[in-house]
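K.L.:
fold the following for me, if possible:
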Amino acid sequence: MNESPQMGNGRPPLGNGSGRRSSHGSRSSSRRRAQGQPPQLHGRGYQTPAQRRRNASGYQLQRHPINFAGRRGRLGALDPRLIVLVAVVLVAVVLVVSSVVSCVSSAPSRDQGPAVSQDLPDDLQNSLRQALSRDSQLAEIAERGSEYPEPLIRLALAEPGAVGFVYGWTSSDHDTAQPYDDAVAQGEVPALYGWDARWGYLDYGGSPLAVTGSGPIACAMARIALLGNADQTPATIAQAATDAGKASGDSGTDASFFTEKGGDLGLAVAALDLAGTAAPGQDAGQDSPEGDGPDQAAAPGTAATGDALAKALGDDTYVLAQTGGGALGATPHWVLVTPGDNGAVTVHDPTSSGNSSHQWDPATVASDVATALTVQPAKA
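P.N.:
Next up, the predicted model:
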(Lines give C-alpha, C1' and ligand atoms only; values in the text may rest on other atoms or scores of the structure.)
Protein backbone atom coordinates (compact mmCIF):
# COMPACT_ATOMS: atom_id res chain seq x y z
CA MET A 1 0.00 0.00 0.00
CA ASN A 2 1.23 3.41 -0.91
CA GLU A 3 1.92 5.77 2.01
CA SER A 4 1.39 9.48 1.99
CA PRO A 5 4.51 11.65 2.06
CA GLN A 6 3.26 13.37 5.23
CA MET A 7 2.77 10.13 7.15
CA GLY A 8 5.00 7.38 8.39
CA ASN A 9 7.75 8.12 10.95
CA GLY A 10 6.91 11.83 11.20
CA ARG A 11 10.11 13.06 9.50
CA PRO A 12 9.83 14.94 6.28
CA PRO A 13 11.46 13.36 3.28
CA LEU A 14 14.91 14.61 2.38
CA GLY A 15 14.97 16.87 -0.58
CA ASN A 16 17.64 17.39 -3.17
CA GLY A 17 17.98 21.23 -2.99
CA SER A 18 19.58 23.17 -0.20
CA GLY A 19 16.76 25.68 -0.17
CA ARG A 20 14.23 22.93 0.34
CA ARG A 21 16.30 21.35 3.13
CA SER A 22 16.48 24.67 4.92
CA SER A 23 12.75 25.13 4.59
CA HIS A 24 11.93 21.68 5.97
CA GLY A 25 14.54 22.01 8.71
CA SER A 26 13.13 25.36 9.77
CA ARG A 27 9.62 23.97 9.95
CA SER A 28 10.83 20.95 11.94
CA SER A 29 12.62 23.18 14.46
CA SER A 30 9.53 25.34 14.81
CA ARG A 31 7.40 22.27 15.55
CA ARG A 32 9.88 21.12 18.19
CA ARG A 33 9.90 24.51 19.91
CA ALA A 34 6.12 24.52 19.79
CA GLN A 35 5.98 21.06 21.38
CA GLY A 36 8.57 22.03 24.10
CA GLN A 37 11.24 19.66 22.78
CA PRO A 38 14.95 20.67 22.97
CA PRO A 39 16.54 21.60 19.69
CA GLN A 40 18.47 18.96 17.85
CA LEU A 41 22.26 19.43 17.96
CA HIS A 42 24.02 19.46 14.62
CA GLY A 43 27.73 18.93 15.27
CA ARG A 44 30.10 19.77 18.15
CA GLY A 45 30.23 23.49 17.50
CA TYR A 46 26.55 24.13 18.02
CA GLN A 47 25.59 25.77 21.34
CA THR A 48 22.28 26.61 22.86
CA PRO A 49 21.57 30.26 23.77
CA ALA A 50 22.12 29.43 27.43
CA GLN A 51 25.52 27.89 26.67
CA ARG A 52 26.52 30.91 24.66
CA ARG A 53 25.61 33.22 27.56
CA ARG A 54 27.63 31.14 30.02
CA ASN A 55 30.71 31.10 27.81
CA ALA A 56 30.55 34.76 26.74
CA SER A 57 32.92 35.69 29.57
CA GLY A 58 35.87 34.01 27.83
CA TYR A 59 38.13 31.13 28.79
CA GLN A 60 36.61 27.85 29.91
CA LEU A 61 38.64 26.81 32.91
CA GLN A 62 36.90 23.51 33.17
CA ARG A 63 38.34 22.47 29.82
CA HIS A 64 41.92 23.68 30.64
CA PRO A 65 42.77 22.83 34.22
CA ILE A 66 45.84 24.63 35.69
CA ASN A 67 48.09 22.49 37.79
CA PHE A 68 48.90 24.94 40.61
CA ALA A 69 50.04 22.15 42.82
CA GLY A 70 52.55 21.06 40.21
CA ARG A 71 54.08 24.54 39.99
CA ARG A 72 54.41 24.74 43.73
CA GLY A 73 56.17 21.48 43.57
CA ARG A 74 58.73 22.75 41.06
CA LEU A 75 59.48 25.86 43.19
CA GLY A 76 59.86 23.73 46.22
CA ALA A 77 62.45 21.67 44.41
CA LEU A 78 64.91 24.64 44.30
CA ASP A 79 67.90 24.48 46.61
CA PRO A 80 67.21 26.78 49.61
CA ARG A 81 70.88 27.78 49.67
CA LEU A 82 70.59 29.05 46.09
CA ILE A 83 67.58 31.17 47.05
CA VAL A 84 69.51 32.68 49.98
CA LEU A 85 72.52 33.41 47.74
CA VAL A 86 70.37 35.20 45.15
CA ALA A 87 68.74 37.29 47.88
CA VAL A 88 72.14 38.29 49.31
CA VAL A 89 73.41 39.31 45.86
CA LEU A 90 70.33 41.44 45.21
CA VAL A 91 70.70 43.21 48.55
CA ALA A 92 74.39 43.89 47.85
CA VAL A 93 73.61 45.35 44.42
CA VAL A 94 70.97 47.64 45.91
CA LEU A 95 73.40 48.86 48.57
CA VAL A 96 76.17 49.57 46.03
CA VAL A 97 73.85 51.48 43.71
CA SER A 98 72.50 53.53 46.62
CA SER A 99 76.03 54.37 47.77
CA VAL A 100 77.13 55.50 44.30
CA VAL A 101 74.06 57.67 43.84
CA SER A 102 74.60 59.24 47.26
CA CYS A 103 78.26 60.06 46.51
CA VAL A 104 77.47 61.56 43.12
CA SER A 105 74.67 63.71 44.48
CA SER A 106 76.73 64.97 47.42
CA ALA A 107 79.96 65.70 45.48
CA PRO A 108 80.44 69.40 44.68
CA SER A 109 80.47 70.33 41.03
CA ARG A 110 83.80 71.69 39.84
CA ASP A 111 82.10 73.56 37.06
CA GLN A 112 79.73 75.32 39.43
CA GLY A 113 82.21 75.97 42.23
CA PRO A 114 81.51 77.68 45.56
CA ALA A 115 79.10 80.57 45.55
CA VAL A 116 80.39 84.13 45.79
CA SER A 117 78.44 86.64 47.84
CA GLN A 118 76.56 89.15 45.72
CA ASP A 119 76.96 91.74 48.48
CA LEU A 120 80.63 92.26 47.58
CA PRO A 121 81.83 94.85 45.05
CA ASP A 122 81.96 93.61 41.46
CA ASP A 123 85.74 93.76 41.20
CA LEU A 124 86.13 91.73 44.40
CA GLN A 125 83.59 89.18 43.18
CA ASN A 126 85.51 88.76 39.93
CA SER A 127 88.80 88.37 41.77
CA LEU A 128 87.33 85.72 44.04
CA ARG A 129 85.84 83.80 41.13
CA GLN A 130 89.18 83.80 39.35
CA ALA A 131 90.95 82.58 42.48
CA LEU A 132 88.37 79.82 43.01
CA SER A 133 88.67 78.77 39.38
CA ARG A 134 92.45 78.56 39.73
CA ASP A 135 92.07 76.45 42.87
CA SER A 136 89.75 74.05 41.06
CA GLN A 137 92.12 73.74 38.11
CA LEU A 138 95.12 73.29 40.38
CA ALA A 139 93.29 70.50 42.20
CA GLU A 140 92.74 68.68 38.91
CA ILE A 141 96.37 69.21 37.91
CA ALA A 142 97.36 67.59 41.20
CA GLU A 143 95.07 64.61 40.56
CA ARG A 144 96.39 64.08 37.03
CA GLY A 145 99.99 65.08 37.73
CA SER A 146 101.53 62.35 35.58
CA GLU A 147 99.99 63.97 32.48
CA TYR A 148 101.90 67.24 32.94
CA PRO A 149 105.61 68.06 32.55
CA GLU A 150 107.10 68.63 35.98
CA PRO A 151 108.43 72.12 35.11
CA LEU A 152 104.90 73.20 34.21
CA ILE A 153 103.55 72.03 37.56
CA ARG A 154 106.26 74.04 39.30
CA LEU A 155 105.29 77.02 37.16
CA ALA A 156 101.65 76.69 38.21
CA LEU A 157 102.66 76.64 41.87
CA ALA A 158 104.97 79.64 41.56
CA GLU A 159 102.84 81.81 39.27
CA PRO A 160 99.07 82.04 39.94
CA GLY A 161 98.47 83.53 36.50
CA ALA A 162 99.93 80.43 34.85
CA VAL A 163 97.51 77.91 36.40
CA GLY A 164 94.96 78.12 33.59
CA PHE A 165 97.70 77.77 30.98
CA VAL A 166 99.15 74.70 32.68
CA TYR A 167 95.67 73.24 33.11
CA GLY A 168 95.15 73.43 29.35
CA TRP A 169 98.32 71.49 28.55
CA THR A 170 96.58 68.13 28.03
CA SER A 171 94.09 69.52 25.49
CA SER A 172 96.31 72.00 23.65
CA ASP A 173 98.11 72.05 20.33
CA HIS A 174 101.85 71.77 21.02
CA ASP A 175 102.98 72.30 17.43
CA THR A 176 101.28 75.43 16.14
CA ALA A 177 101.87 79.01 17.30
CA GLN A 178 99.09 81.57 17.25
CA PRO A 179 99.53 85.06 15.78
CA TYR A 180 100.28 88.03 18.01
CA ASP A 181 97.60 90.58 17.19
CA ASP A 182 97.71 92.90 20.21
CA ALA A 183 98.05 96.62 19.60
CA VAL A 184 101.67 97.81 19.70
CA ALA A 185 103.30 101.23 19.94
CA GLN A 186 106.91 102.26 19.60
CA GLY A 187 108.45 103.01 22.98
CA GLU A 188 105.94 100.84 24.88
CA VAL A 189 107.16 97.47 26.12
CA PRO A 190 104.38 94.85 26.06
CA ALA A 191 104.02 92.49 29.01
CA LEU A 192 104.78 89.08 27.50
CA TYR A 193 105.06 85.91 29.56
CA GLY A 194 105.97 82.31 28.92
CA TRP A 195 102.50 81.04 29.87
CA ASP A 196 100.83 82.68 26.90
CA ALA A 197 98.95 79.99 24.94
CA ARG A 198 99.94 81.64 21.66
CA TRP A 199 103.46 80.26 22.04
CA GLY A 200 103.96 78.73 25.49
CA TYR A 201 103.01 75.17 24.50
CA LEU A 202 105.61 74.96 21.73
CA ASP A 203 108.70 72.85 22.24
CA TYR A 204 111.88 74.84 22.75
CA GLY A 205 115.11 73.09 23.61
CA GLY A 206 113.26 69.91 24.61
CA SER A 207 110.82 71.56 27.02
CA PRO A 208 107.75 73.80 26.72
CA LEU A 209 108.71 77.31 25.63
CA ALA A 210 106.81 78.52 28.71
CA VAL A 211 109.70 77.42 30.92
CA THR A 212 112.72 77.61 28.59
CA GLY A 213 111.87 80.49 26.24
CA SER A 214 112.67 83.54 28.35
CA GLY A 215 115.35 84.62 25.86
CA PRO A 216 113.13 84.77 22.76
CA ILE A 217 110.33 86.37 24.78
CA ALA A 218 112.58 89.09 26.25
CA CYS A 219 114.01 89.75 22.79
CA ALA A 220 110.50 89.99 21.30
CA MET A 221 109.52 92.58 23.93
CA ALA A 222 112.60 94.66 23.10
CA ARG A 223 111.99 94.46 19.36
CA ILE A 224 108.29 95.38 19.55
CA ALA A 225 109.03 98.46 21.68
CA LEU A 226 112.10 99.61 19.72
CA LEU A 227 110.69 99.07 16.21
CA GLY A 228 106.99 99.51 16.88
CA ASN A 229 105.86 96.32 15.15
CA ALA A 230 105.24 92.68 16.00
CA ASP A 231 106.56 91.09 12.83
CA GLN A 232 108.70 88.87 15.04
CA THR A 233 107.04 87.06 17.94
CA PRO A 234 108.42 84.85 20.71
CA ALA A 235 107.54 81.85 18.55
CA THR A 236 109.39 83.06 15.44
CA ILE A 237 112.45 84.16 17.41
CA ALA A 238 112.50 80.82 19.23
CA GLN A 239 112.42 79.05 15.88
CA ALA A 240 115.34 81.18 14.67
CA ALA A 241 117.35 80.28 17.77
CA THR A 242 116.54 76.60 17.27
CA ASP A 243 117.58 76.73 13.63
CA ALA A 244 120.86 78.39 14.66
CA GLY A 245 121.52 75.70 17.28
CA LYS A 246 121.39 78.28 20.08
CA ALA A 247 118.46 76.88 22.09
CA SER A 248 120.70 75.68 24.88
CA GLY A 249 122.31 76.61 28.17
CA ASP A 250 121.00 77.05 31.70
CA SER A 251 118.80 79.96 30.64
CA GLY A 252 117.49 78.20 27.53
CA THR A 253 119.19 80.47 24.96
CA ASP A 254 122.88 81.02 24.34
CA ALA A 255 123.88 84.70 24.47
CA SER A 256 125.70 84.40 21.15
CA PHE A 257 122.37 84.04 19.36
CA PHE A 258 121.50 87.66 20.06
CA THR A 259 124.87 89.08 19.07
CA GLU A 260 125.15 86.93 15.94
CA LYS A 261 121.55 86.92 14.73
CA GLY A 262 120.22 90.19 16.15
CA GLY A 263 120.79 91.91 12.82
CA ASP A 264 118.39 89.47 11.15
CA LEU A 265 115.75 90.74 13.57
CA GLY A 266 116.45 94.40 12.84
CA LEU A 267 118.38 94.91 16.07
CA ALA A 268 121.89 95.98 16.97
CA VAL A 269 123.03 93.86 19.92
CA ALA A 270 126.35 94.33 21.72
CA ALA A 271 127.93 92.97 24.88
CA LEU A 272 127.89 95.22 27.94
CA ASP A 273 130.69 94.71 30.45
CA LEU A 274 129.14 95.92 33.69
CA ALA A 275 132.20 94.88 35.69
CA GLY A 276 134.52 97.01 33.60
CA THR A 277 132.23 100.02 33.32
CA ALA A 278 132.26 102.73 35.95
CA ALA A 279 130.77 106.11 36.46
CA PRO A 280 132.91 109.05 35.25
CA GLY A 281 135.86 109.73 37.60
CA GLN A 282 135.65 106.28 39.20
CA ASP A 283 137.54 103.07 38.81
CA ALA A 284 135.58 99.94 38.03
CA GLY A 285 134.17 98.53 41.24
CA GLN A 286 134.82 101.68 43.30
CA ASP A 287 131.94 102.68 45.55
CA SER A 288 130.02 105.81 44.57
CA PRO A 289 130.30 108.75 46.93
CA GLU A 290 127.49 108.89 49.43
CA GLY A 291 124.42 110.52 47.91
CA ASP A 292 125.93 110.58 44.41
CA GLY A 293 123.88 108.31 42.18
CA PRO A 294 122.53 104.80 42.81
CA ASP A 295 124.17 102.45 45.22
CA GLN A 296 126.45 99.79 43.78
CA ALA A 297 126.13 96.11 44.51
CA ALA A 298 128.71 93.58 43.48
CA ALA A 299 127.61 90.16 42.27
CA PRO A 300 129.60 87.18 43.52
CA GLY A 301 132.93 87.15 41.67
CA THR A 302 132.21 90.40 39.77
CA ALA A 303 132.30 94.15 40.35
CA ALA A 304 129.09 94.88 38.45
CA THR A 305 127.57 98.19 39.40
CA GLY A 306 124.00 99.40 39.36
CA ASP A 307 125.21 102.79 38.22
CA ALA A 308 126.73 101.29 35.09
CA LEU A 309 123.51 99.48 34.31
CA ALA A 310 121.41 102.60 34.72
CA LYS A 311 123.73 104.68 32.53
CA ALA A 312 123.60 102.11 29.73
CA LEU A 313 119.84 102.54 29.38
CA GLY A 314 118.10 105.13 27.26
CA ASP A 315 114.95 105.78 25.25
CA ASP A 316 116.24 103.69 22.37
CA THR A 317 118.61 101.43 24.29
CA TYR A 318 117.56 98.51 26.46
CA VAL A 319 119.53 95.76 28.15
CA LEU A 320 118.97 92.03 27.69
CA ALA A 321 120.24 90.48 30.92
CA GLN A 322 120.88 86.86 31.78
CA THR A 323 120.33 86.35 35.50
CA GLY A 324 122.59 84.27 37.68
CA GLY A 325 120.05 82.80 40.11
CA GLY A 326 119.89 85.52 42.75
CA ALA A 327 117.56 88.45 43.40
CA LEU A 328 115.48 87.83 40.28
CA GLY A 329 114.90 84.15 40.86
CA ALA A 330 116.72 80.94 41.67
CA THR A 331 116.77 79.73 38.06
CA PRO A 332 118.94 81.50 35.45
CA HIS A 333 116.83 83.15 32.75
CA TRP A 334 116.66 86.20 30.50
CA VAL A 335 114.97 89.51 31.35
CA LEU A 336 114.66 92.86 29.60
CA VAL A 337 115.75 95.93 31.58
CA THR A 338 114.46 99.39 30.60
CA PRO A 339 114.72 102.87 32.17
CA GLY A 340 112.52 103.57 35.19
CA ASP A 341 111.71 106.68 37.20
CA ASN A 342 114.09 108.65 39.41
CA GLY A 343 117.11 106.49 38.67
CA ALA A 344 115.25 103.18 39.07
CA VAL A 345 114.98 100.50 36.41
CA THR A 346 112.10 98.38 35.20
CA VAL A 347 112.52 94.62 34.83
CA HIS A 348 110.34 92.88 32.25
CA ASP A 349 110.60 89.27 33.38
CA PRO A 350 108.96 86.63 31.12
CA THR A 351 108.98 84.17 34.03
CA SER A 352 107.53 86.32 36.82
CA SER A 353 104.67 88.79 36.94
CA GLY A 354 105.87 89.76 40.42
CA ASN A 355 109.30 90.85 39.19
CA SER A 356 107.62 92.83 36.40
CA SER A 357 105.13 94.61 38.63
CA HIS A 358 107.43 97.20 40.26
CA GLN A 359 110.58 99.20 39.67
CA TRP A 360 113.95 98.11 40.97
CA ASP A 361 117.09 99.59 42.40
CA PRO A 362 119.68 99.19 39.60
CA ALA A 363 122.20 97.84 42.10
CA THR A 364 119.90 94.97 43.07
CA VAL A 365 119.34 94.02 39.46
CA ALA A 366 123.02 94.36 38.54
CA SER A 367 123.96 92.06 41.40
CA ASP A 368 122.09 89.23 39.69
CA VAL A 369 123.28 89.86 36.12
CA ALA A 370 125.60 87.22 34.68
CA THR A 371 125.48 88.48 31.08
CA ALA A 372 124.36 91.89 29.80
CA LEU A 373 123.68 92.92 26.19
CA THR A 374 122.62 96.34 24.93
CA VAL A 375 119.82 96.29 22.35
CA GLN A 376 119.10 99.12 19.91
CA PRO A 377 117.33 99.45 16.56
CA ALA A 378 119.70 98.48 13.78
CA LYS A 379 120.93 101.38 11.69
CA ALA A 380 119.68 101.42 8.15
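K.L.:
for the protein, just list every one of the helices.
P.N.:
With DSSP state H applied, the chain shows helices at 18-35, 49-55, 68-76, 80-106, 122-143, 150-158, 163-167, 209-212, 214-227, 234-243, 256-261, 306-312, 362-366, listed in chain order.
K.L.:
just give me the longest strand of this protein.
P.N.:
For the chain, the strand that runs over the most residues, judged by DSSP state E, is strand 369-377.
K.L.:
partner strands of it, parallel or antiparallel?
P.N.:
Listed by DSSP bridges, the sheet partners of strand 369-377 and their directions read strand 267-271 (antiparallel), strand 318-323 (antiparallel).
K.L.:
include mean pLDDT and distance to Ser207 when you put the ones you listed into CSV, please.
P.N.:
Glycine gets a C-beta too; all of them are placed from N, C-alpha and C. Formatted as CSV, the strands paired with strand 369-377 follow (pLDDT from 0 to 100; distance: least, CB to CB, whole Å):
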stretch, mean pLDDT, distance to Ser207
strand 267-271, 97, 25
strand 318-323, 98, 17
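K.L.:
CSV for those, including distance to Val375?
P.N.:
Shown next, in CSV, are the strands paired with strand 369-377 (distance: least, CB to CB, whole Å):
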stretch, distance to Val375
strand 267-271, 5
strand 318-323, 5
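K.L.:
among those strands, which comes closest to Leu155?
P.N.:
Minimum separation from Leu155 across the strands paired with strand 369-377 (CB to CB) falls at strand 318-323, 16.5 Å.
K.L.:
quick one: closest of the helices of the chain to Gly324.
P.N.:
Closest approach to Gly324 among the helices of the chain is made by helix 362-366 (10.7 Å; CB to CB).
K.L.:
other residues contacting the longest strand of the chain?
P.N.:
With contacts defined as CB atoms under 8 Å, 6 or more residues apart in numbering, strand 369-377 is touched by 219, 222, 226-227, 255, 258-259, 262, 266-274, 299, 304, 309, 312, 316-324, 332, 336.
K.L.:
pretty sure Glu147 contacts Thr170?
P.N.:
Yes. Between Glu147 and Thr170 a contact is recorded at 5.2 Å, counting by CB atoms under 8 Å.
K.L.:
this protein - how does it break down into domains?
P.N.:
Taking automatic domain parsing as the reference, the chain has its domains at 122-171, 245-377.
K.L.:
and the longest one, how far apart are its ends?
P.N.:
Across domain 245-377, the straight-line distance between its terminal residues is 24 Å, by CA to CA, to the nearest Å.
K.L.:
for stretch 172-180, same thing?
P.N.:
Its first and final residues considered, stretch 172-180 spans 17 Å by CA to CA.
K.L.:
below-threshold pLDDT in the stretch 101-250 of the chain: ranges please.
P.N.:
When the per-residue scores of the stretch 101-250 of the chain are filtered using pLDDT under 70, the ranges that remain are 102-114.
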